[in-house]
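**Student:** sequence? don't have it. structure:
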């Protein structure tokens, strides 16, 4: 047997509440991240990602509290990202109960942050989150963006993923900003291009729409597939995604 | 009767999850660096994430290795988790740096040979029929995160495969250990922890 392909649900959290429409039948409170985490756990999700999109630093405490309460109830891995700038931020999230911490813009600005964090906490809990789009500005044709995809950096996304892994990231979360929110399928070419240069686990993100979208991302080399709105809107369940992956010959839990 | 469990706090990672999961299955859990508590509890959990050398450094600073050795010699239960399992062996070799372990289990920890590392995610295991930890656990998946492992397997250990076969769990006398994280392995992990609690006396 080998390690199973992971299906990951991502929740955007703002000031302690899940945002980006969540439309679940039978939830007491569709905006409560802890309740949603428990629901996805029941559906058999393999891992959860909380993306903290809180603008004000004052609300960070709320995020730590959400992480703490989730870790009390849900016994599966939890990754938290968004606004992580320093090793101290990583430390606080890990202490609150996160198993892994996603680093994005701060690593683009200062790659040594990955080295510091990997040395202090181990590379297994450092996830490099790469928001990339197609672009003529780079050799691979994929460019790192910041600020939610609005700002190009001129940095080659494929090269950056490889650099990030060599600096200490234990996993790459590759999010296609072109595909994100389109429900038109993952950017499998980008997934394959990054897979070719990194030997740490790779999560494909952005674009999941149909059940048939998941297996091609895995065939392109993703170890895990991440989705958000298709789960939030109840388009289908985690279990249905796993059935589709299994039918395509991929091992799932 | 409620069993007392101490999760040894020597500065390594997220102890919250282990504490909560053990409490969920009915243990009276204390997270502490107090060696007297570690010596006296019904069951001692040695957690651990990150590098082998830094975990052993934390254990040595605390002087906790001797407590673990004494418990093992006295047949008092110990459960190592992830790097907390690895440090129970004689030595670890990371990046060519060899560190002495606590040494209550024979063997060494070396790098896994696999295309993708860390071995991160859910995998199945093969347990011996006599296993107490895996009693009632069928073809379940457990959550692993590691790049190093113990390779010397014999019929007494539980194994898993990622690139190659390695030791996923050990039960030897009062010393138990899992390379995976039972506290992050959903219901299967909780069952395993409940089984371990059931062995305490």
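**Tutor:** Nice, thanks for sending it over. These numbers come from a predicted model, not from an experiment. Residues are numbered from 1 along each chain as shown, chains lettered A, B, ... in the order given.

**Student:** could you find the closest non-adjacent residue to the residue in the stretch 101-250 of chain A that chain B sits nearest to?
**Tutor:** Of all residues in the stretch 101-250 of chain A, residue A:122 sits closest to chain B, at 3.2 Å by C-beta to the nearest C-beta. C-beta here means a position set from N, CA and C on the backbone, and glycine is covered the same way. The spatially closest residue to residue A:122, leaving aside those adjacent along the chain, is residue B:50, at 3.2 Å (C-beta to C-beta, 6 or more residues apart in numbering or on different chains).

**Student:** where does that neighbour land on pLDDT?
**Tutor:** According to the prediction, residue B:50 has pLDDT 86.

**Student:** verify the contact between it and residue B:84 for me.
**Tutor:** No: applying C-beta atoms under 8 Å as the test, residue B:50 and residue B:84 come out as separate, 10.8 Å apart.

**Student:** out of those two, which sits in the more crowded spot?
**Tutor:** Shown here are residue B:50 and residue B:84; by other C-beta atoms under 10 Å in any protein chain shown, residue B:84 has more neighbours (29 against 21).

**Student:** and that one, backbone torsions?
**Tutor:** Dihedral pair for residue B:84: phi -60, psi -20, per degrees, to the nearest 10.

**Student:** equivalent analysis for residue B:18, please.
**Tutor:** Dihedral angles (degrees, to the nearest 10) for residue B:18: phi -60, psi -40.

**Student:** for chain B, what's its nearest residue on the stretch 151-253 of chain A.
**Tutor:** Among all residues of the stretch 151-253 of chain A, residue A:253 sits closest to chain B, at 4.3 Å; criterion: C-beta to the nearest C-beta.

**Student:** who touches that residue in this structure?
**Tutor:** Residue A:253 is in contact with A:4, A:6, A:44, A:46, A:242, B:122, B:141, counting by C-beta atoms under 8 Å, 6 or more residues apart in numbering or on different chains.

**Student:** give me the number of residues near the closest residue to the fourth one other than its chain neighbours?
**Tutor:** The shortest distance from residue A:46 to any residue other than its chain neighbours is 4.1 Å, reached at residue A:6 (C-beta to C-beta, 6+ apart). A count of neighbours around residue A:6, defined by other C-beta under 10 Å, yields 23.

**Student:** re earlier: what touches both of residue B:50 and residue B:84?
**Tutor:** With C-beta under 8 Å, 6+ apart as the test, residue B:50 and residue B:84 both reach residue B:12.

**Student:** quick check: which ranges of chain B have low pLDDT?
**Tutor:** Scanning chain B for pLDDT under 70 picks out no residues.

**Student:** which SS state does the spatially closest residue to residue A:213 that is not a sequence neighbour fall under?
**Tutor:** Nearest in space to residue A:213, with sequence neighbours left out and distances taken as C-beta to C-beta, 6+ apart, is residue A:185 at 4.4 Å. Recorded secondary structure, residue A:185: coil (DSSP: H, G, I helix; E, B strand; the rest coil).

**Student:** so who does residue A:185 touch?
**Tutor:** A:179, A:207-210, A:213, A:216.

**Student:** need phi/psi at it.
**Tutor:** Backbone torsions of residue A:185, given as degrees, to the nearest 10, read phi 100, psi 160.

**Student:** worst mean pLDDT across the helices and strands of chain A, which element?
**Tutor:** strand A:17-19 (a mean of 86; mean pLDDT, DSSP states H and E).

**Student:** give the buried residues for that one.
**Tutor:** A:17-18 (16 or more other C-beta atoms under 10 Å in any protein chain shown).

**Student:** can you list the strands that that strand pairs with?
**Tutor:** The pairing partners recorded for strand A:17-19 under DSSP bridges are strand A:6-14 (antiparallel).

**Student:** can you list phi and psi of residue A:72 for me?
**Tutor:** phi -70, psi -30.

**Student:** repeat that for residue B:133.
**Tutor:** Torsion angles, degrees, to the nearest 10, at residue B:133: phi -60, psi -40.

**Student:** now it: how far from chain A?
**Tutor:** Remark: distance between residue B:133 and chain A (C-beta to the nearest C-beta, to the nearest Å) = 17 Å.

**Student:** hang on, that residue packs against residue B:189?
**Tutor:** No: with contact defined as C-beta under 8 Å, residue B:133 does not count as touching residue B:189 (10.7 Å).

**Student:** which residues touch the residue nearest to residue A:46?
**Tutor:** By C-beta under 8 Å, 6+ apart, residue A:6 lies in contact with A:46-47, A:203, A:223-225, A:253, B:121-122.

**Student:** which one of these sits closest to residue B:99?
**Tutor:** For the contacts of residue A:6, the residue nearest residue B:99 by C-beta to C-beta is residue B:121; the value is 26.5 Å.

**Student:** beta-bridge partners for the closest one, please?
**Tutor:** residue B:144.

**Student:** okay, buried residues for the helix or strand hosting residue B:55 please.
**Tutor:** Using DSSP states H and E, residue B:55 maps to helix B:52-62. Within helix B:52-62, the residues that qualify as buried are B:52-56, B:58-59, B:62, counting by 16+ other C-beta under 10 Å.

**Student:** which of the residues you listed come close to chain A?
**Tutor:** Residues of these in contact with chain A (C-beta under 8 Å from any C-beta of the partner chain): none.

**Student:** now the two most distant members of those residues.
**Tutor:** With distances taken as C-beta to C-beta, the most widely separated pair in these is B:52 and B:62, at 16.1 Å.

**Student:** can you give me the strands for the chain?
**Tutor:** You didn't pick a chain, so chain A it is. Secondary structure of chain A by DSSP state E: the strands cover A:6-14, A:17-19, A:47-52, A:78-81, A:100-103, A:126-134, A:142-146, A:151-156, A:171-176, A:202-205, A:224-227.

**Student:** that was the other one, I meant chain B.
**Tutor:** Using DSSP E, strands in chain B cover B:4-8, B:28-32, B:43-46, B:78-81, B:91-94, B:97-100, B:108-111, B:119-124, B:141-146, B:148-150, B:158-162, B:164-172, B:175-178.

**Student:** that older thread, and the residue nearest to residue A:46, bridged to which residues?
**Tutor:** Beta-bridge partners of residue A:6, as defined by DSSP bridges: residue A:224.

**Student:** so what's the residue in chain B positioned nearest to chain A up against?
**Tutor:** Using C-beta to the nearest C-beta, residue B:50 is the residue of chain B that sits closest to chain A, at 3.2 Å. Residues near residue B:50 by C-beta under 8 Å, 6+ apart: A:120-122, A:124-125, B:12-13, B:83.
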